[in-house]
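Novice: Output the structure for:
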Amino acid sequence: MDIFLGIIELERMMVMIKMLQEKINQTEYWDLKILDLNANDEVNIFVYNDDDTSWKISFLSCFRVTYETDSTWRTIIHVREI
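Specialist: Next comes the predicted model:
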């Protein structure tokens, strides 16, 4: 009985995760201007939405964080100069 309830709960969680992922994908965050990125035990990405709002996307309890960029196109030496 407990295993059956655990499976039902897991299926409910998977549906919720899929719904949340769809909402995140609707933001098209991969094309938004990134305002800030903090990566420690969790990852917080602050992205531009419009003149009045921005979004904070948080990834909690990350197993691994990988960040790649091709910064060779930039004409500035330090990001601070932006």
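Novice: only C-alpha atoms for contact and neighbour calcs from this point on.
Specialist: Noted.
Novice: Compute the number of surrounding residues for the nearest residue to Ile57 once chain neighbours are set aside.
Specialist: Once flanking residues are discounted, Ile57 sits nearest to Ile45: 5.1 Å by C-alpha to C-alpha, 6 or more residues apart in numbering. Using other C-alpha atoms under 10 Å, Ile45 has 16 other residues around it.
Novice: Any figure for the gap between Ile45 and Met14?
Specialist: The gap separating Ile45 from Met14 is 24 Å, by C-alpha to C-alpha, to the nearest Å.
Novice: circling back to that earlier point, looking at this, the residue nearest to Ile57 is in a strand?
Specialist: Yes: under DSSP: H, G, I helix; E, B strand; the rest coil, Ile45 sits within a strand.
Novice: where does it land on pLDDT?
Specialist: pLDDT recorded at Ile45 is 87.
Novice: The one 4 residues further on now?
Specialist: pLDDT, Asn49: 81.
Novice: Name the nearest residue to it, sequence neighbours excluded.
Specialist: Trp55 (6.7 Å).
Novice: Okay then, goodbye and thanks.
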